[in-house]
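Novice: Show me the folded form of this:
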Amino acid sequence: MSLERFIEKWTHEDYPPEKVSGPGLEAVEARFGFVLPGDYRQAVLAHGLPRPTIALLDGILAADLDFPDVSDFLAPEEIVRLTDDWRGGGMPDHLVTFAHDCGGNLFCFDAGPGADHATVWFWDHDDGSVTVAADSFATWIERFCSVEPAGDDFEP
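Specialist: Predicted coordinates for the structure are as follows:
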């Protein structure tokens with residue numbers, strides 16, 4: 001599974017992934033009236049929520065890749081709180097956040113009626129733009145797994 005590879009590659013063993021419960025995810029679904037994508041649900045229930053190190057951002061910068069890093073995955077209670085907060089701060093009401101980048105921009109699922117809930121969306125809080133980050137959680141995670149660590153001589 002790609003989240004397992006992500007954890008092995010981009011987290012520190014002293015900071016293991018945070019466990020997630022099925023009832024916690026169900027509370028998110030009930031609050032926002034949609035079903036979380038199956039690949040996301042399966043991955044976080046099996047492996048937890050990783051806390052990536054700065055090495056991922058360094059790898060992205062060193063390779064001059066054109067996509068944002070992920071710096072934090074949100075626990076169910078954080079998903080609810082941050083989604084509610086950001087909806088009041090300009091994020092479209094149909095989005096539900098589950099992670100953010102180093103700049104505080106959000107990765108989201110679309111909870112709108114009839115929406116493809118599998119797609120990962122990126123909401124930029126500076127300009128309000130919403131763009132597709134990946135067609136699924138698994139594809140999104142795999143992108144980070146394909147990044148190579150920056151060399152020892154890399155300086156951001």
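
Novice: Return stretch 2-9 as CSV; C-alpha atoms alone will do.
Specialist: Once non-C-alpha atoms are left out, stretch 2-9 reads as follows in CSV (Å, rounded to 0.1, in the frame of the first residue of the first chain):
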residue,chain,number,x,y,z
SER,A,2,1.3,3.4,-0.9
LEU,A,3,0.6,5.1,2.5
GLU,A,4,2.8,2.5,4.1
ARG,A,5,5.6,3.4,1.7
PHE,A,6,5.0,7.1,2.3
ILE,A,7,5.4,6.5,6.1
GLU,A,8,8.6,4.5,5.6
LYS,A,9,10.1,7.1,3.3
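
Novice: what is the mean pLDDT for that stretch?
Specialist: Averaged over stretch 2-9, pLDDT sits at 97.

Novice: Could you pull out the buried residues of that stretch?
Specialist: By 16 or more other CB atoms under 10 Å, the buried positions in stretch 2-9 come out as 2, 3, 6, 7, 9. (C-beta placed from N, C-alpha, C; glycine too.)

Novice: Sitting in helices, which of those residues do you find?
Specialist: Secondary structure from DSSP state H places 2, 3, 6, 7, 9 of those in helices.

Novice: Just give me the closest of these to residue 98.
Specialist: Among these, residue 3 lies closest to residue 98 (CB to CB), at 12.4 Å.

Novice: roughly how far apart are that closest one and residue 129?
Specialist: Between residue 3 and residue 129 the computed distance is 27 Å (CB to CB, to the nearest Å).

Novice: quick one on the thing from earlier: mind putting the buried residues of stretch 2-9 in CSV, distance to residue 99 included?
Specialist: Listed next are the buried residues of stretch 2-9 as CSV, based on distance: CB to CB, whole Å:
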residue, distance to residue 99
2, 14
3, 12
6, 11
7, 14
9, 16
